[in-house]
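A.B. asks: Quick one, structure for this:
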Amino acid sequence: MERVIQTEIVGGLGVITLNRPRALNALSLEMVRELTVVLRGWSTHPAVHAVLLRGAPRPAEGGKHPVTHFCAGGDIRFMHDAALAGDAAVEDFFTEEYSLDHLIHSYPKPTIAWMEGVTMGGGMGLAQGGDLRVATESLRMAMPETRIGLFPDVGGGYFLSRCVGSVGEYLGMVGPHLHVTDALTLGFADVHARSDAWPSMLAELGARPAHGSDELMGRCRAHLDLHGLTQLPEATVTVHLEAINRHFSQHTLQDIWASLLADDSEWAAQVRQQMAGHSPLMMGVTLEQIRRGRSMPLADVFRMERTMVRHCFQLRPGAASETVEGVRALVVDKDHQPRWNPSTVEAVTPAMIEAFFEAVWPPHAHPLRDLHDPL
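C.D. replies: Presented below is the predicted three-dimensional model:
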């Protein structure tokens, strides 16, 4: 069997390739563990001046060209099955995934995220801690967790809440797809480049290795500048910034929904249609998560989200879990008819939302107690 990640060091650049292409490089527990081992080892490796994360291309099938996706998120089928079986591995997955994401945010060497194709959920968790986030022409970015009865975790409470205005609330609750221009405009990407810039950048480093991280990153940026996209698509989010701020700055989930209902624009109708398929409860939880996260340091956000995800599987265990039901409808039975509880926005109460933030562990026993942000 092929390894779930592949590694090589080229001209001072440590390259990690996520290697589950048929699963759109979704993160398994094995991948999370191997990524953690490699990153910790390379943090002091003298031959590694910077680290780049990328996804393996999906093999060409039926005469089609191979397609590359960075990472579609976590392995939600595994989460579903583990939760139903009472398997504690689902707890390990989130503890170790969040620790990995925090490691990338605080890594002592520069990190580069090569964002192609689907970059969602857990893929955003890997990418948003990067020092250089490269958006390519095929990028499809989102935090769509409320669609499966979850919330935008992996540090979403941190990076979404730092968006301008109320965009973070909108992105987290609605989960729209963003492309390269949106990613750049909203601060989720630093540069744009053509997908074919990747092999030539690696070949250049291989032919003339860099001496130190500053030189390596400078040369990478220069190469990407020469291979940028000649034309960027029109932005799809910031053109609606006034409406997003007007609606998603409202106090409660019900206030946001009522505000959208009073808006007769085509955009508002599309947003309502998207929200109609999502878990009402988890949209309310997400709203609270992002507003709490706005004033919290990164490590505290990860600890908050670890508590929240524990409640996702334990407040209502097994098949009663909103997350288990969401994954069932989308991935397992594929009927796309989730039975949300409660089923309407109006029925979500403050007490239901608050339950997801109640402490599970005392601070000294929290699974992520050892996370510390750099000063």
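
A.B. asks: residues touching H240, list them.
C.D. replies: The contact partners of H240, by C-beta atoms under 8 Å, 6 or more residues apart in numbering, come to W267. C-betas here are computed from N, CA, C, even on glycine.

A.B. asks: cool, V191 as well?
C.D. replies: When contacts are taken as C-beta under 8 Å, 6+ apart, V191 is in contact with 132-135, 184, 221, 224-225, 228.

A.B. asks: which of those are buried?
C.D. replies: The neighbour-count criterion (16 or more other C-beta atoms under 10 Å) marks 132-135, 184, 224 among the contacts of V191 as buried.

A.B. asks: E354: neighbour count?
C.D. replies: Using other C-beta atoms under 10 Å, the number of residues around E354 comes to 11.

A.B. asks: and what of D153?
C.D. replies: D153: 29 surrounding residues under other C-beta under 10 Å.

A.B. asks: Pretty sure it sits against F159.
C.D. replies: No: under the contact definition of C-beta atoms under 8 Å, D153 does not touch F159, with a separation of 11.3 Å.

A.B. asks: returning to that earlier point: mind checking which of the contacts of V191 land in helices?
C.D. replies: The members of these that map onto helices under DSSP state H are 184, 221, 224-225.

A.B. asks: State the helix or strand in which D264 lies.
C.D. replies: Applying DSSP states H and E as the criterion places D264 outside every helix and strand.

A.B. asks: Could you pull up phi and psi at it?
C.D. replies: The phi/psi pair for D264 (degrees, to the nearest 10) reads phi -90, psi 20.

A.B. asks: ok, it - how many residues close by?
C.D. replies: A count of nearby residues for D264, using other C-beta under 10 Å, gives 7.

A.B. asks: List of residues touching stretch 347-355?
C.D. replies: Under C-beta under 8 Å, 6+ apart, the answer for stretch 347-355 is 252-254, 280-281, 283-285, 288, 311, 315, 342.

A.B. asks: hey, where'd the helices end up in the stretch 151-300 of the chain?
C.D. replies: With DSSP state H, counting those that start in this stretch as the definition, the stretch 151-300 of the chain shows helices at residue ranges 156-159, 167-174, 180-186, 197-207, 213-226, 241-248, 253-261, 266-276, 280-293, 298-314.

A.B. asks: Please apply the same query to the stretch 1-150 of the chain.
C.D. replies: Secondary structure of the stretch 1-150 of the chain, counting by DSSP H, counting those that start in this stretch: helices at 29-42, 76-85, 89-105, 122-127.

A.B. asks: pLDDT score assigned to the residue nearest to W257 when sequence neighbours are not counted?
C.D. replies: What sits nearest to W257 in space, not counting adjacent residues and going by C-beta to C-beta, 6 or more residues apart in numbering, is V345, at 4.6 Å. Confidence per residue is given as pLDDT, and for V345 that number is 97.
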